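1. the following comprises the amino acid sequence and a computationally predicted model.
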Amino acid sequence: MAPINVETAARNIIVSGGARGIGRALSRMFLEAGHKVYIFDIDDEELQHTTKVHLKKYYDEKKLDSATCDLRDVKDIRAKVKDAAKFFDNNVDVLINNGGIASPQWKDGKTMEDESTFEEWQAYIDTNLTGPFAMSQACIPFMKSRQADATSGAQKIYGSGPCIIHIGSFRAHQSDPNQEGYASSKAGQLGLMHSMAISLGPLGIRVNLIAPGRIKVAHESKEGKRSTREAYVRVANDCR
């Protein structure tokens, strides 16, 4: 079997939470590099805009598709992953677990002393922790078949197999007041990554996590244009 060029070989990539922010930026980067992308998001309006306006070129070329998906609904996750797998001829190379509740504070200035925050706590855990677990679980069967293609006899081509990347947060390590739900869900995601990496390693599936700092999406382009240097500076200053 000819060696696979891991830098240029086209990949089939699922991005959850891809309608805006980090997810949309990653989707665009992957598409520009020649990969195929399937985006999940719960916000259908933003999803349609991203797919058919912001990234229309790739949608028209059938290199991009999308579907609404509720990360708190395991049945929905499993059904939508199967649809995405069909788009990729039943082979998934990369899963980016980016979707989740991004706002770190309790709503309306509440603290954990307020008993009504328990429902928000459950939403954080269900969306930011259980969601990535269920999404990963649904993708594994389609990744195992892909790993078989990257194996020649007993010799594996390391680095060419499938991978799962969780988008965590620095809040897993350092929190501000009244962020118990968000911080705990992201800390749990870090533990999930470590356990998954050990469990899935023998299957040839790599698992990692990236923990970004503050991300401002208010200034991102709605027309699909790249941001100017001035826009980057403005966003960087807002995130200090």
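-> Received the coordinates, thanks.
2. what ranges do the strands span in the protein?
-> Assignment of strands within the chain using DSSP state E yields the ranges 12-16, 36-41, 64-68, 94-97, 151-152, 155-156, 163-167, 206-210.
3. by contact count, what packs against the longest one?
-> Using 3 or more C-beta pairs under 8 Å, 6 or more residues apart in numbering; DSSP states H and E as the contact criterion, the neighbours of strand 36-41 among helices and strands are strand 12-16, helix 21-32, strand 64-68, helix 74-87. Glycine gets a C-beta too; all of them are placed from N, C-alpha and C.
4. ok, back up a step: so which of the strands of the chain comes closest to Ala25?
-> strand 12-16 (9.9 Å; C-beta to C-beta).
5. then that closest one to CSV, C-alphas only?
-> Extracted C-alpha coordinates of strand 12-16, given in CSV (Å, rounded to 0.1, in the frame of the first residue of the first chain):
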residue,chain,number,x,y,z
ASN,A,12,-14.0,13.4,6.0
ILE,A,13,-14.7,15.7,9.0
ILE,A,14,-17.7,16.2,11.3
VAL,A,15,-17.8,19.5,13.2
SER,A,16,-20.4,19.9,15.9
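6. give the other helices and strands that it contacts.
-> Against strand 12-16 (3+ C-beta pairs under 8 Å, 6+ apart) you get helix 21-32, strand 36-41, strand 94-97, helix 131-149.
7. redo these as CSV? Include distance to Ile210, mean pLDDT and mean neighbour count.
-> Shown next, in CSV, are these (distance: least, C-beta to C-beta, whole Å; pLDDT from 0 to 100; neighbours: other C-beta atoms under 10 Å):
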stretch, distance to Ile210, mean pLDDT, mean neighbour count
helix 21-32, 9, 96, 20
strand 36-41, 17, 98, 27
strand 94-97, 9, 98, 26
helix 131-149, 13, 87, 20
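8. mind putting the ones you listed into JSON lines with distance to His166?
-> As requested, the helices and strands packed on strand 12-16 are arranged in JSON lines below (distance: least, C-beta to C-beta, whole Å):
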{"stretch": "helix 21-32", "distance to His166": "12"}
{"stretch": "strand 36-41", "distance to His166": "15"}
{"stretch": "strand 94-97", "distance to His166": "5"}
{"stretch": "helix 131-149", "distance to His166": "6"}
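9. quick check: angle from the helix ranked longest in the chain to strand 206-210?
-> In the chain, assigned by DSSP state H, the helix with the most residues is helix 180-200. Here helix 180-200 points in a direction 160 degrees away from that of strand 206-210 (axes from the mean of the first three to the mean of the last three C-alpha atoms, to 10 degrees).
10. related to what we said a few turns ago, any idea which of the strands of the chain gets closest to Gln48?
-> From the strands of the chain, taking C-beta to C-beta, the stretch that ends up closest is strand 64-68, at 8.0 Å.
11. CA atoms only: put that closest one into CSV for me.
-> The C-alpha trace of strand 64-68 is given here as CSV (Å, rounded to 0.1, in the frame of the first residue of the first chain):
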residue,chain,number,x,y,z
LEU,A,64,-20.1,20.4,2.6
ASP,A,65,-23.4,19.5,4.1
SER,A,66,-25.1,20.0,7.5
ALA,A,67,-28.0,19.1,9.8
THR,A,68,-29.6,20.4,12.9
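12. how much space between the closest residue to Arg72 other than its chain neighbours and Gln174?
-> With C-beta to C-beta, 6 or more residues apart in numbering as the criterion, Arg72 has its nearest non-adjacent residue at 4.6 Å, and that residue is Asp126. Using C-beta to C-beta, to the nearest Å, we find Asp126 at a distance of 24 Å from Gln174.
13. give me the more crowded residue out of the two.
-> Higher neighbour count among Asp126 and Gln174: Asp126, with 19 against 9, using other C-beta atoms under 10 Å.
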